[in-house]
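In: Quick one, fold the following:
(one chain, ligands or ions: 1)
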Amino acid sequence: MVTADCPRVIPVPLIHPELPSWPAMVPQHPTRHVGSRAATRPLGSQLPGWIGVGYLAALSTTITALADPDYRPFSRRLAWLASDADGNPSGSAYLTLHNKPSQADLAELELAVHPAERRQGIGSRLLAEVADAARANEARVLLADARVGSPGDHFLAQRGFTVGLTLVFTRLPLAEVDSAVLAAVVEAEHPGYRLVSWRGVVPDEFGQTFTDARSAMDDAPVGEIDYGPDVWDLDRTKAAALRIEQRGEHLMTIAAVDDANGRIVGFTELVVPADGKGDAQHFGTAVLKDHRGHGLARWLKAESIRQAHDRFPDLGGLLTDMVDTNTAMRHVNTSIGYHPTHETRRYKLTL
Ligand SMILES: CC(C)(COP(=O)(O)OP(=O)(O)OC[C@H]1O[C@@H](n2cnc3c(N)ncnc32)[C@H](O)[C@@H]1OP(=O)(O)O)[C@@H](O)C(=O)NCCC(=O)NCCS
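Out: Residues are numbered from 1 along each chain as shown. Now for the predicted structure:
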């Protein structure tokens with residue numbers, strides 16, 4: 001998955017602050033990790049100094065490394081389960097490591113402690129385990145997302161993480177869209193440009209120019225986090241679209257073409273759930289530098305909304321998110337009617 005309107009920002013899976021997904025975080029049939037490391041790690045000499053003696057639950061907690069079957073082409077995950085003296089699970093942690101050399105120094109943390117077991121040091125013990133493993137795997141920066149004001153937000157700030165960027169999430173309720181206003185934006189003249197659109201994988205005639213246009217993302221704000229170069233080629237462009245298709249979802253792309261040379265200079269992508277209901281998610285939106293300031297982003301988005309509305313009348317809304325300092329994208333979205341829903345902070349810890 002890429003992040004909406006700003007796909008250079010690697011999404012870190014967000015755990016809801018109130019943790020509705022808590023049971024799902026613990027593998028149902030945990031398998032002991034088979035390897036040179038001890039599978040379980042009862043509390044011993046490695047106890048970090050900041051775990052106070054008042055943390056009785058943390059003192060009797062056992063951390064077990066689990067095998068996680070989530071191997072992907074460019075990443076793999078390690079997993080841990082925290083359990084109490086009776087073997088009952090109390091928390092879990094995942095560490096995602098990247099294989100691509102440009103992102104090998106970044107690792108992502110997902111951490112959850114059962115709501116009834118919080119504030120007893122269990123999260124801190126899991127974090128210590130994850131940080132050790134990240135270092136052992138040569139990651140240099142640990143990333144984690146938390147909703148502003150949530151327990152995770154406070155925890156990460158207390159445990160030495162700093163804010164790498166803030167993401168603003170917005171939603172456009174389709175029922176509120178004024179179709180006359182939308183039509184006016186879509187039909188407005190944009191001399192020298194025309195819109196084209198396709199569903200699923202890019203047609204051959206636009207394959208290379210669309211791939212080249214993805215470089216328009218290169219200067220999108222990414223806060224204090226260095227994601228390294230994000231290189232696209234035609235195979236990657238097609239593979240990304242195919243993955244969406246294989247999940248049964250609908251990828252709709254609108255692109256702006258420069259009449260002078262037939263090249264794509266801007267695009268927006270929208271992914272609609274398989275059943276055409278609920279909320280759709282914007283993926284990338286970008287306009288090449290030399291073509292900014294002509295209203296192309298707004299035009300592209302307006303056409304994307306119009307097509308989504310026509311093709312999927314049961315769709316409830318469109319979701320997007322972007323780094324808070326991306327004033328241009330925020331302005332475009334606000335002008336079309338997207339409302340902010342919440343903000344998350346992407347924290348980073350230099351290991
Ligand atoms: C974040 C989370 C894992 C913390 O687990 P935990 O076991 O409660 O954490 P700890 O007990 O080790 O807390 C260590 C310190 O973090 C801070 N902290 C943790 N939760 C806090 C909260 N709700 N409000 C304020 N500070 C908090 C405190 O300084 C705490 O020390 P203290 O209790 O002595 O004051 C847990 O709240 C959770 O599962 N949240 C939902 C998932 C999430 O947001 N994960 C983080 C992003 S991946």
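
In: for the nearest residue to residue 292 once chain neighbours are set aside, helix, strand, or coil?
Out: In this structure, residue 292 finds its nearest non-sequential neighbour in residue 328, 7.6 Å apart by C-beta to C-beta, 6 or more residues apart in numbering. C-beta coordinates here come from the backbone N, C-alpha and C atoms, glycine included. Here residue 328 is helix, with the state taken from DSSP: H, G, I helix; E, B strand; the rest coil.

In: And for residue 328, the neighbour number?
Out: Using other C-beta atoms under 10 Å, residue 328 has 14 neighbouring residues.

In: Please apply the same query to residue 232.
Out: 15.

In: In contact with the closest residue to it other than its chain neighbours, which residues?
Out: Using C-beta to C-beta, 6+ apart and skipping the chain neighbours, the partner closest in space to residue 232 is residue 214 (4.5 Å). Residue 214 makes contact with 232, 237, 284, 286 under the criterion C-beta atoms under 8 Å, 6 or more residues apart in numbering.

In: Near the ligand, which residues of the protein are found?
Out: Counting by C-beta under 6 Å from any ligand atom, the residues of the chain close to the ligand are 15, 17, 19, 109-113, 118-124, 144, 146, 150-152, 154-155, 158.

In: What remains of the residues you listed if I keep only buried residues?
Out: 15, 17, 19, 109-113, 118, 120-124, 144, 146, 150-152, 155 (16 or more other C-beta atoms under 10 Å).

In: excluding its backbone neighbours, what's nearest residue 237?
Out: residue 211 is the one closest to residue 237 (C-beta to C-beta, 6+ apart), at 4.6 Å.

In: The one you found against residue 233, yeah?
Out: Yes: counting by C-beta atoms under 8 Å, residue 211 touches residue 233, with 6.3 Å between them.

In: Might one say that residue 344 is in contact with residue 149?
Out: No: with contacts counted by C-beta under 8 Å, residue 344 stays clear of residue 149, the gap being 10.3 Å.

In: Could you check which of the two is surrounded by more residues?
Out: A direct count of neighbours by other C-beta under 10 Å for residue 344 and residue 149 places residue 344 higher, at 21 against 12.

In: Next, give phi and psi for the more buried one.
Out: phi -120, psi 150 (degrees, to the nearest 10).

In: Ignoring the adjacent residues along the chain, who's closest to residue 273?
Out: In space, residue 273 is closest to residue 249, 6.1 Å off (C-beta to C-beta, 6+ apart).

In: now the strands for the stretch 51-200 of the chain?
Out: Using DSSP state E, counting those that start in this stretch, the strands found in the stretch 51-200 of the chain span residues 62-66, 75-83, 89-98, 106-113, 141-147, 162-173, 193-199.

In: can you list those strands in CSV and add mean pLDDT and distance to residue 298?
Out: Shown next, in CSV, are the strands of the stretch 51-200 of the chain (pLDDT from 0 to 100; distance: least, C-beta to C-beta, whole Å):
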stretch, mean pLDDT, distance to residue 298
strand 62-66, 94, 47
strand 75-83, 94, 35
strand 89-98, 96, 34
strand 106-113, 96, 33
strand 141-147, 97, 28
strand 162-173, 97, 13
strand 193-199, 98, 12
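
In: where does the residue of the stretch 151-300 of the chain found nearest the ligand land on pLDDT?
Out: The nearest approach of the stretch 151-300 of the chain to the ligand comes at residue 152, 2.1 Å away (C-beta to the nearest ligand atom). On the pLDDT scale, residue 152 is placed at 97.

In: again, but for residue 36
Out: pLDDT at residue 36 comes out at 29.

In: got a list of what residue 183 touches?
Out: Contact analysis of residue 183 by C-beta under 8 Å, 6+ apart lists residue 306.

In: any idea how far it lies from residue 309?
Out: 11 Å (C-beta to C-beta, to the nearest Å).

In: repeat for residue 110
Out: For residue 110, the distance to residue 309 - C-beta to C-beta - is 35 Å.
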